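*Asks:* Dropping a prediction and its sequence here:
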Amino acid sequence: VDLFRMNCELLATCTALGYLEGDTYHKEADCLESVKDLIRYLRHEDDSRDVRQQLGAGQIVQNDLLPIIIQHGQDKALFDACIRLMVNLTQPAMLCFGKVPDDPVFRHHFLQVTSHLQAYKEAFASEKVFGILSEILYNLLQLDWEQRQEEDNLLIERILLLVRNVLHVPADPCEEKKVDDDASIHDRLLWAIHMSGFDDLVKFLASAQSEQQWSMHVLEIISLMFRDQTPEALVSAGQARSAEEKQRDSQELEALRQKEHAAKRSRTFQRGTRHSRFGGSYVIQGLKSIGDKDVIYHRNIHDFKNYTHDVGKAVRRVPKKNRQAQECKDKRRSALNVRLFLREFCVDFLENCYNRLMYLVKESLIREQTQQHDETYYLWALSFFMAFNRGNGFRADLVSETMSIRAFHFIERNITNYYEMILTDRKEATSWSRRMHLALKAYQELLLTVNEMDRSQDESIRHSSNVIKSNIFYLMEYREIFLTLLRKFDETKQPHSYLKDLVESTHLFLRMLERFCKGRRNLIVQKKKVKRRRSRGDKKPSAAETSPEALAETWKIVEEELKTAGFQLSESLMESIVPFDATSETPLEEQRTEAMVRVQDSLLARLGPEALGLLRAAREVWPEGDVFGSADVEPEEELELLKQILHATLPKPVVEDEDDVSEREFNFLDFIKKFASPNIMRPYLLLLRSYSKNTPHTNHCIARMLHRVAVDLKMDALLFQLSVFNLFNKILSDPAAAAYKELVTFAKYVLNHFFSLAAQNDKAYVELLFWKNVGAAREMTEGYMFVYHCGSQGKKPTWTEEEEEELRKLYEEHRHSEVPDIVETLLPLLSNSSRPRRQVVMQLVHMGLVDNAKELKKQKKGTQIVLWTEEQEQELEMLYEEYKDSDDVLGNILKKVTAKRSRARVVDKLLSMGLVSERRELYKRRSRSAKGKSAGKGMTEEEFLEGLTQGYPDDSVDRDDEDEGDDDLQQEGETRSKKYQTHYKNEIFLHYDLFFCFSITGLSGPMLWLQNCLNKTAEDRKKDGLSQAVPLVPLTEENEDAMDNKSFRKLLRKLGIRGPANEQEIFWRIPANITPSQLHSAAAEEEEKEKEEKEKEKEVVSGEQRVQALRALLLSRKRKHHTSEHTGMCGSFMFCTLSQMTAVNYSSVTILAEHISVFTEDDSTTAVDMDTNGDADSDREDISAPVKRRRKMVLIDEEDDED
């Protein structure tokens, strides 16, 4: 079909529609059928879209369809058919062809369809067209859901699609060569939408609860309306320029003026002082031409410094795959009236529609009820309207829907997905890159909004900001996303604007993180480490092990072992064998296969009993099918089954990777060290090349990151690279360098450091040719032998033959000497005395002079003295006799003994000498307090808790501190750790007496729960060999109440259990640095004390002890505001029966009374007045009188304790 001539059938059909006479359209009788025929023709068009092109060339939309809907809109059937036809005709050319065609013929068809669409868009820019569309849509929306038919919903959707298609038509750059503030076709279309009131209908659809099914269409229309706009331009529309904008514009003008003035001055210097008709010819000495002779220069000598060999050469063509990614089209500023209308639209949309519409769209995206790539509209709306909200008097409530961790997670997931698609779908890499840029802009806007929330005057908003920051800084995915994006940046797929936004977002994130860390003593973050989970079958047997001869030999050994044992297995072996894991996510069928493989591996390892036990255990778990034998199988049959399993070819389990998640304390400087890499520096330096085109803020972000690496981390050697220095030279020689003071200062700093280093390192100039990692940078600055001395980077230190012979000779000379540490003796005698201890030890092992490095372990200072002389024993006996009646026998002896030894050594010696019969005799004794303090007078809470720790064992005497590594840093770390353990063990015995206090006040249940938690944690740490902070999660109401009790929390702190560190934690945690033995010790002491108390309950306590216990328990104080005359007995009390008190010894009750008196908050220390103002039931007897009758209640002020 000739596309320049309309097909006769199409021509006849179009003629049958009607004709336009002036401004009046006369429709034919067959108008409706003709429209339906055109729809049918479009349905059967070919790949070149011939029907669409012919209808566009005939201007069917401009001359027929639009006049029909304007003048004959009351004909519902005809109007509906015309809308259907126009929706088809205006659909984007990209949808018609699938993509931009590569074939020239189809590319021409694609451009023709696009030109027709642009003509349609110009025809739609009419108030009459959108007036009729708004009227019909308004009437349809007035109908209730009961009255609205299916045809009405279809018509609503088609009108929205038609408007969406028209707005989607791209502008023609050749036709619209207009300046800013001039109305384009898109502006005229927006103005027609505004004048017809269609924008109000869009806002109604976005906010109405009954119209939520159109949410995606509405968001598409809104995004296309603001396609050429920027939030900053709309915020400033109709407003006077701020002082900041005026200053920024003046700075830009001043920079341009300086650059122009410098260029003019350089041109003046290039001119000769006098006119010459001849340029002259010169020989450039030292610069060779093609041959061996020097270059002959035929130009003006003033241009000599710009001379290169490349002058006159053809520019080398860059391959397509290596070209930089193209930038998207620039934004243009619309007419003022359009910007004002759009500004008011944004304000109304944020106040009434934003939160609800974004929620509906997000739910649709999560439930995958939308079309492909619809999330890009959501990402655009999030970044655009949140940026507008920031600029237009920030209000956090207007964007509360998208200010959440869910929004961060959604965007981070999309960024990851887009990057993976860039790598896999290379043909569409450009499209995926644009979507990734859109997601990055949204992520950046979320960070900017959180940063704006920090400046709010509202305390609740600042608190919400801290909660959000705590979460994004805690999770590694959000914390290291910018590191990943910078490392994976590819300039051939991602444009320059993407890199600019990435650098600015990284700068903002680091600034927020640095400020967040400064306000906190410590920040706990999540750390993930990929851990390879290996099963027993991971080790693949060699071919020699699986050969028939090897299998026969293996089976012979296994068979003899089983027959010798009589097929009998020990109970311990059967209990240790577990054929399956009930907590694993692996299905039981797969675990059955794994069990079979484990049996085979046991046979290959010649572990016959283990293989037989595993077979029998698996038979009990999987009895169906007799896979592991029948229930009544005979031993001989089991033997045959094992033989079949040994010779069978079984699938080995696949090794899976799993994330090992842990928590650690965050260090900001360590995080910055991850940016000290050439892969991170290259994108920054690439962006720095366009420093003259960058905004001042972008240049500041670049300079700040380079400053962090070069100055804060002292890694300026990473920037010692020739291309970097060339860029610095360009900046320093720029005529407008005064406008880039920050960059100039930094460039001078780096260059000064390099030339200072070059004076010491003659290879520094050669190093300029290469990018350097951290190790190479350290070699360049600290010396090339640095890594060998430090043993870093896994490089083996070199030993010459002379050095090895010297070491062997020195070792032979001193090996039989009785020096405590032979390595320390050899180190200063070596010719190369700078070698560390570790290198010497490893070389001695390598040369075979010693068998193992453990033989040369550095001895601990406290254990160097092992033998006791007769004088030292006498001194120890004398000191014991002197201090045996003191409260701290061992402590005084350690202070006075001449030969300093560890506590364990002294205790062992005292036991061996028979001075003490058991270690308990060396425990600290409880010092009796003054009478006033024992009665609870003037005793502080700290004194009470300190008193409880006296007289109980100090476990440091039982600690064996012999082992110590030969590394100094390791020794220092162990010393710190042991100091903490000593402190902890001294404090865990606090609960020894407090346990009884808590049992009386109703906290015995939580104490048992705490004991079980300590035991369980200790067992887990022994089993796994790992130590992580374990939260104490109270699952019962009783335990939750105990966690709110101040006394119980005090006990937890004394046990070393720490409370929530910040907003990220809500539970108390057992720290990771408490060893299993310490946990068992704490739990065992609780259990021992509980048993003692139960035994003491059986004893009969005299009446005098009861009186003394009652007297101690009744010690309480009056409230500050009580009036004994009118209110009677003050305070609210907790009661316990006297029968519970009778089984308590005096010392424990006294401690309890002291405890109660300490935890009350009144300053008064007097006893409670028992006179209750004439109450007939009150006890008026003297409190010191013997109590022979049963007292029903003992008064204890509990509410003061809770306060």
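*Replies:* All right, it came through fine.
*Asks:* In contact with the closest residue to Ala617 other than its chain neighbours: list those residues for me.
*Replies:* Spatially, and ignoring its direct neighbours in sequence, Ala617 is nearest to Pro579 (4.5 Å; C-beta to C-beta, 6 or more residues apart in numbering). (C-beta placed from N, C-alpha, C; glycine too.) For Pro579, the contacting residues are Gln591, Ala595, Arg598, Leu614, Ala617, Ala618, Val621, taking C-beta atoms under 8 Å, 6 or more residues apart in numbering as the criterion.
*Asks:* If any of those are buried, give me the PyMOL selection for them.
*Replies:* Selection command for PyMOL covering only the buried members of those, criterion 16 or more other C-beta atoms under 10 Å:
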select buried, resi 591+595+598+614+617+618
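*Asks:* so which of the contacts of Pro579 would you say is closest to Leu562?
*Replies:* Using C-beta to C-beta, Leu614 is the member of the contacts of Pro579 that sits closest to Leu562, with 13.1 Å.
*Asks:* which residues of the stretch 801-950 of the chain fall in helices?
*Replies:* Taking DSSP state H, counting those that start in this stretch as the test, the helices found in the stretch 801-950 of the chain are 801-814, 822-826, 837-846, 870-883, 889-896, 903-912, 931-934, 941-949.
*Asks:* now for the fourth one, which elements pack on it?
*Replies:* Packing contacts for helix 870-883, counted by 3 or more C-beta pairs under 8 Å, 6 or more residues apart in numbering; DSSP states H and E, involve helix 889-896, helix 903-912.
*Asks:* Please name every helix or strand in contact with the shortest one.
*Replies:* Contacting helix 889-896 under the criterion 3+ C-beta pairs under 8 Å, 6+ apart are the following elements: helix 870-883, helix 903-912.
*Asks:* and Pro101, which of these is closest to it?
*Replies:* Here helix 903-912 is closest among the helices and strands packed on helix 889-896 (C-beta to C-beta), at 85.6 Å.
*Asks:* just checking, Leu205 touches Gln213?
*Replies:* No. Counting by C-beta atoms under 8 Å, Gln213 is not a contact partner of Leu205; they are 9.5 Å apart.
*Asks:* And the two? Which one has more around it.
*Replies:* A side-by-side neighbour count of Leu205 and Gln213, using other C-beta atoms under 10 Å, places Leu205 first with 23 against 13.
*Asks:* Contacts only, for the more buried one.
*Replies:* Counting by C-beta under 8 Å, 6+ apart, Leu205 touches Leu141, Glu211, Trp214, Ser215, His217, Val218.
*Asks:* can you rerun that using 6 Å?
*Replies:* Counting by C-beta atoms under 6 Å, 6 or more residues apart in numbering, Leu205 makes contact with Glu211, Trp214, Val218.
*Asks:* Include pLDDT when you put the residues you listed into TSV, please.
*Replies:* TSV is the format used below for the contacts of Leu205 (pLDDT from 0 to 100):
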residue	pLDDT
Glu211	89
Trp214	93
Val218	95
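*Asks:* on that earlier part again, export the helices of the stretch 801-950 of the chain to CSV and append columns for mean pLDDT.
*Replies:* Written out in CSV, the entries for the helices of the stretch 801-950 of the chain read as follows (pLDDT from 0 to 100):
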stretch, mean pLDDT
helix 801-814, 85
helix 822-826, 82
helix 837-846, 84
helix 870-883, 85
helix 889-896, 85
helix 903-912, 83
helix 931-934, 41
helix 941-949, 43
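*Asks:* Compile those helices into a markdown table and extend it with columns for distance to Ser48 and mean neighbour count.
*Replies:* As requested, the helices of the stretch 801-950 of the chain are arranged in a markdown table below (distance: least, C-beta to C-beta, whole Å; neighbours: other C-beta atoms under 10 Å):
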| stretch | distance to Ser48 | mean neighbour count |
| --- | --- | --- |
| helix 801-814 | 82 | 14 |
| helix 822-826 | 86 | 18 |
| helix 837-846 | 77 | 18 |
| helix 870-883 | 107 | 14 |
| helix 889-896 | 99 | 17 |
| helix 903-912 | 94 | 18 |
| helix 931-934 | 103 | 13 |
| helix 941-949 | 90 | 16 |
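*Asks:* For the stretch 651-800 of the chain, which segments count as helices?
*Replies:* 668-673, 678-688, 696-707, 722-732, 741-758, 764-767, 774-782, 786-790.
*Asks:* where does Gly791 land on pLDDT?
*Replies:* Gly791 is assigned a pLDDT of 46 by the prediction.
*Asks:* Now do the same for Val129: helix, strand or coil?
*Replies:* Counting by DSSP: H, G, I helix; E, B strand; the rest coil, the backbone at Val129 sits in helix.
*Asks:* do you know how far it is from Ala233?
*Replies:* With the distance defined as C-beta to C-beta, to the nearest Å, Val129 ends up 27 Å from Ala233.
*Asks:* coming back round to it: I'd like the helices of the stretch 801-950 of the chain laid out as a markdown table, including distance to Leu160.
*Replies:* A markdown table is the format used below for these (distance: least, C-beta to C-beta, whole Å):
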| stretch | distance to Leu160 |
| --- | --- |
| helix 801-814 | 84 |
| helix 822-826 | 83 |
| helix 837-846 | 74 |
| helix 870-883 | 94 |
| helix 889-896 | 86 |
| helix 903-912 | 83 |
| helix 931-934 | 83 |
| helix 941-949 | 70 |
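*Asks:* The ones you listed: which one's closest to Arg455?
*Replies:* For these, distance to Arg455 was read as C-beta to C-beta. The smallest value, 40.9 Å, belongs to helix 941-949.
*Asks:* Can you find which helix in the chain contains the most residues?
*Replies:* helix 243-270 (DSSP state H).
*Asks:* For it, buried residues please.
*Replies:* Residues of helix 243-270 classed as buried by neighbour count (16+ other C-beta under 10 Å): Ala255, Gln258, Lys259.
*Asks:* Closest to Asn389 out of the residues you listed?
*Replies:* Asn389 lies nearest to Ala255 out of those, by C-beta to C-beta, at 32.0 Å.
*Asks:* What distance do you get for that closest one to Ala737?
*Replies:* For Ala255, the distance to Ala737 - C-beta to C-beta - is 10 Å.
*Asks:* where exactly do the helices run in the stretch 451-600 of the chain?
*Replies:* Using DSSP H, counting those that start in this stretch, the helices assigned to the stretch 451-600 of the chain run over residues 459-474, 476-479, 481-487, 496-518, 548-564, 571-576, 588-604.
*Asks:* is it possible to export those helices to TSV including mean pLDDT and distance to Asn832?
*Replies:* Conversion of those to TSV gives the following (pLDDT from 0 to 100; distance: least, C-beta to C-beta, whole Å):
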stretch	mean pLDDT	distance to Asn832
helix 459-474	92	47
helix 476-479	89	43
helix 481-487	94	40
helix 496-518	94	43
helix 548-564	80	51
helix 571-576	70	53
helix 588-604	80	50
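*Asks:* what packs against the strand or helix carrying Ile193?
*Replies:* Secondary-structure element containing Ile193, defined by DSSP states H and E: helix 185-196. Under the contact criterion of 3 or more C-beta pairs under 6 Å, 6 or more residues apart in numbering; DSSP states H and E, helix 185-196 touches helix 127-142, helix 336-352.
*Asks:* Report the angle between that helix and helix 127-142.
*Replies:* Compare the direction of helix 185-196 with that of helix 127-142 by axes from the mean of the first three to the mean of the last three C-alpha atoms, to 10 degrees and you get 50 degrees.
*Asks:* among the helices of the stretch 651-800 of the chain, which is nearest Arg323?
*Replies:* With C-beta to C-beta as the measure, helix 678-688 is the member of the helices of the stretch 651-800 of the chain nearest Arg323 (14.4 Å).
*Asks:* quick one: which of the helices and strands packed on helix 185-196 is nearest Ala263?
*Replies:* Comparison of those against Ala263 by C-beta to C-beta identifies helix 336-352 as nearest, at 35.8 Å.
*Asks:* ok, then the element right after that closest one?
*Replies:* Stepping forward along the backbone from helix 336-352, the first helix or strand reached (DSSP H and E) is helix 354-366.
*Asks:* Quick check: mean pLDDT of that following helix?
*Replies:* Along helix 354-366, the predicted confidence averages to a pLDDT of 93.
*Asks:* Excluding its own residues, what touches the first helix or strand past that helix going along the chain? List them.
*Replies:* Sequence-wise, the next helix or strand downstream of helix 354-366 (DSSP H and E) is helix 375-391. Applying C-beta under 6 Å, 6+ apart, the set of residues contacting helix 375-391 from outside is 219-220, 223, 231, 235, 346, 350, 354, 361, 365, 398-399, 402, 435, 438-439, 441-442, 445, 449, 452.
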